[in-house]
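Colleague: using only what follows, build the 3D model:
(2 chains, ligands or ions: 2)
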Amino acid sequence: MNNPSPLSRTSYPRIAPLYRFQWEAAQNAYVLLFPEGMVQLNVAAGEILRRCDGKQSAEQIIADLRIAFQSDAIDDDVEAFLRSATSDGWVEWRDGATP
Amino acid sequence: MNAALNPAPMPLWMVAELTYRCPLHCAFCSNPVDFAKVESELSTEEWFRVFAEARALGAVQLGLTGGEPLSRPDLELLVAEAHRLGFYTNLITSGVGLNETRMRALKDAGLDHVQLSFQDSTRELNDFLSSTRTFDLKRRVATLIKGHGFPMVMNCVIHRLNIDHVDRIIDLALEIGAEYLELANTQFYGWADLNRAQLLPTREQLERSEAVVAGYRQRIGKQLRILYVISDLYETRPKRCMNGWGTTFMVVAPDGLVMPCHAARMLPGIDLPSARNTSLQQIWRDSPAFNRFRGDQWMPEPCRSCPEKAKDLGGCRCQAFLLTGDVGATDPVCDKSPLHGRVLQIVNGPRPVAPAVERPLVFRTPENSRRLIADTAEP
Ligand code: SF4
Ligand code: SF4
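Modeller: Ligands and ions are numbered 1, 2, ... in the order given. The predicted structure is shown next:
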């Protein structure tokens, strides 16, 4: 599997194929669905994962989130979340953008 | 979480038992023993409506099971509609009837995941326990599932006759490339209850198998996640059943009866509503069946005044009924239950030495089902 340098700011995170990410109106939240299970995401996690589409680098995602959350102090939190999402297998990384 | 404080729970999980038809005859099947009575299955359109109603209530996980769901020729249509509605669709299958054509059609319909059941890691035991010749076919089906890029859960029901093979079962899961392995100890309902004496593992077997699983977990890491759900008969506190009655799960039987748990059909005095003539919303919110054991108002002593009641909610209603005859009793697995002795009697009582020889297993066949219906009909 092509899984380079996770968490390098220049690589591209995306939801791993084992998972499905979607908005659930009934729960008023984004959720991650996987075989026989579900994680309900809080607002921040939802906003981060929503951007993990393989088309934006971690750098771009963080820049975008700074605007969304109107704060410059989010980098560490986003990185920490992406690190744990990667180790949970929710997110995988590519060197380049997914077409 | 106290279910009583949660007045509007959501049926996040819907289990659709599409049919009781099944080419296998597993001795541990949890289907009702009188399944042969059920003749008229919900139609394609009726299932479409049931799916839409469940989705509107917030259901998001859909388990397509049975029986063998592949026995329904409209399975692909059902998957496509469920997918369109936004469900995450899980096909729970023995693999019998799954070929390249159907696999591709299911993929195109938007199926998300396949759970494939094995009865054991060896051909002999697999075929014996399911009373069919299916082992080689299952291995081929596993290749097919992976070839189409599905996440795959391998499921194996564990009991006295195969629990000593847990290591080989794990090896098989690794070999076929499963992402998850579910080792589920037999739930003693339906056919499994008939065969309990032969199927309940001994305490030593359970302990050994737990050590084996722990060893593998350490060694193989995240390559394969092993879920090992052991029977609570050897414990002193019951499990919370179905995450709490009427809190999370809705099971729809082939004929449209809607149940708070898989085995609710056998519980006396519970009038199960039907999706044929009542909306799921009404059933979920208002039906006596779904409200019967919600929260903790129904509890008898010792549960009622127990500090642990929010944790296990008094345990499993089906187990309570099977072991005490009273569906509203404290689950006798709990050592605070006045009837806990019945559980001890089962786990410590005399057991057949060569289980399947001294007392033959009753396999889940339509013939046996009809015979059992006739037996109970005669006084
Ligand atoms: S447990 Fe066996 S007999 Fe029962 S439905 Fe599943 S495959 Fe069929
Ligand atoms: S007495 Fe009832 S509520 Fe308390 S631990 Fe036992 S089963 Fe659970």
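
Colleague: use CA for all of it now, contacts and neighbours both
Modeller: Fine.

Colleague: and the spatially most central residue of chain A, helix, strand or coil?
Modeller: In chain A, the residue lying closest to the centroid (CA atoms, centre = their mean) is A:Leu49, at 3.0 Å. Taken by DSSP: H, G, I helix; E, B strand; the rest coil, the conformation at A:Leu49 corresponds to helix.

Colleague: before we move on, what SS does A:Trp93 have?
Modeller: strand.

Colleague: where's it relative to ligand 1, distance?
Modeller: Going from A:Trp93 to ligand 1 by CA to the nearest ligand atom, to the nearest Å gives 38 Å.

Colleague: again, but for A:Ala58
Modeller: 45 Å.

Colleague: same question, B:Gly295
Modeller: Distance, B:Gly295 to ligand 1, using CA to the nearest ligand atom: 31 Å.

Colleague: quick check, that residue in a strand?
Modeller: No - with three-state DSSP as the criterion, B:Gly295 is located in coil rather than a strand.

Colleague: can you get me a residue count around it?
Modeller: Residues lying near B:Gly295 (other CA atoms under 10 Å in any protein chain shown) number 21.

Colleague: which pLDDT value does the model give it?
Modeller: We have a pLDDT of 86 for B:Gly295.

Colleague: could you do A:Glu92 as well?
Modeller: For A:Glu92, the model assigns a pLDDT of 92.

Colleague: for stretch B:170-182, how far is the first residue from the last?
Modeller: Using CA to CA, to the nearest Å, the end-to-end distance of stretch B:170-182 comes out at 10 Å.

Colleague: how about it against chain A, any contact?
Modeller: No - with CA under 8 Å from any CA of the partner chain as the measure, stretch B:170-182 is seen stopping short of chain A, the closest distance being 8.7 Å.

Colleague: what residues are up against A:Ile62?
Modeller: A:74-75, A:78 (CA atoms under 8 Å, 6 or more residues apart in numbering or on different chains).

Colleague: so which helix or strand takes in it?
Modeller: Element membership for A:Ile62 (DSSP states H and E) is helix A:58-68.

Colleague: same question for that helix, mean pLDDT?
Modeller: Computed over helix A:58-68, the mean pLDDT rounds to 91.

Colleague: low-confidence ranges in the chain?
Modeller: No chain specified, so I'll use chain A. A:1-6 (pLDDT under 70).

Colleague: um, chain B though
Modeller: Regions of chain B meeting the criterion pLDDT under 70 cover residues B:1-8, B:120-123, B:126-134, B:350-363, B:365-368, B:370-379.

Colleague: and if we set it to 50?
Modeller: For chain B, the stretches with pLDDT under 50 are B:1-7, B:378-379.

Colleague: how about JSON lines for the contacts of A:Ile62, with distance to chain B and neighbour count added?
Modeller: Converted to JSON lines, the contacts of A:Ile62 look like this (distance: CA to the nearest CA, whole Å; neighbours: other CA atoms under 10 Å in any protein chain shown):
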{"residue": "A:Ile74", "distance to chain B": "29", "neighbour count": "14"}
{"residue": "A:Asp75", "distance to chain B": "28", "neighbour count": "15"}
{"residue": "A:Val78", "distance to chain B": "24", "neighbour count": "17"}
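
Colleague: and the strands in the stretch 1-150 of chain B?
Modeller: For the stretch 1-150 of chain B, the strands defined by DSSP state E, counting those that start in this stretch cover B:13-17, B:61-65, B:88-93, B:113-118.

Colleague: typo on my end, the stretch 251-379 of chain B
Modeller: Using DSSP E, counting those that start in this stretch, strands in the stretch 251-379 of chain B cover B:258-259.

Colleague: name the SS class of B:Lys222, please.
Modeller: For B:Lys222, the assignment made with three-state DSSP gives helix.

Colleague: for A:Ser8, see how far away it is.
Modeller: For B:Lys222 relative to A:Ser8 (CA to CA), the value is 22 Å.

Colleague: B:Ala52 too?
Modeller: Using CA to CA, we find B:Ala52 at a distance of 43 Å from A:Ser8.

Colleague: how about the residues of chain A by chain B?
Modeller: Residues of chain A lying near chain B (CA under 8 Å from any CA): A:18, A:24, A:26-27, A:33-37.

Colleague: what does the stretch 201-350 of chain B have sitting close to ligand 2?
Modeller: B:237-238, B:302-303, B:306, B:308-309, B:312-315, B:330-331, B:334, B:336 (CA under 6 Å from any ligand atom).

Colleague: quick one, which of those are buried?
Modeller: Neighbour-count burial (16 or more other CA atoms under 10 Å in any protein chain shown) applied to those gives B:237-238, B:302-303, B:309, B:312-315, B:330-331, B:334, B:336.

Colleague: in helices, which of the residues you listed fall?
Modeller: Judged by DSSP state H, those include B:309, B:312 as members of helices.

Colleague: specify which member of the buried ones among the residues of the stretch 201-350 of chain B next to ligand 2 is nearest to A:Arg94.
Modeller: Proximity of these to A:Arg94 (CA to CA) peaks at B:Asp312, which lies at 44.0 Å.

Colleague: do I have it right that the closest one meets B:Lys239?
Modeller: Yes - in this structure B:Asp312 lies within contact range of B:Lys239 using CA atoms under 8 Å: 5.7 Å.

Colleague: for A:Asp53, give its distance to B:Asp171.
Modeller: Distance check for A:Asp53 against B:Asp171: by CA to CA, it reads 35 Å.

Colleague: these two: who's more crowded?
Modeller: A:Asp53 (17 against 14).
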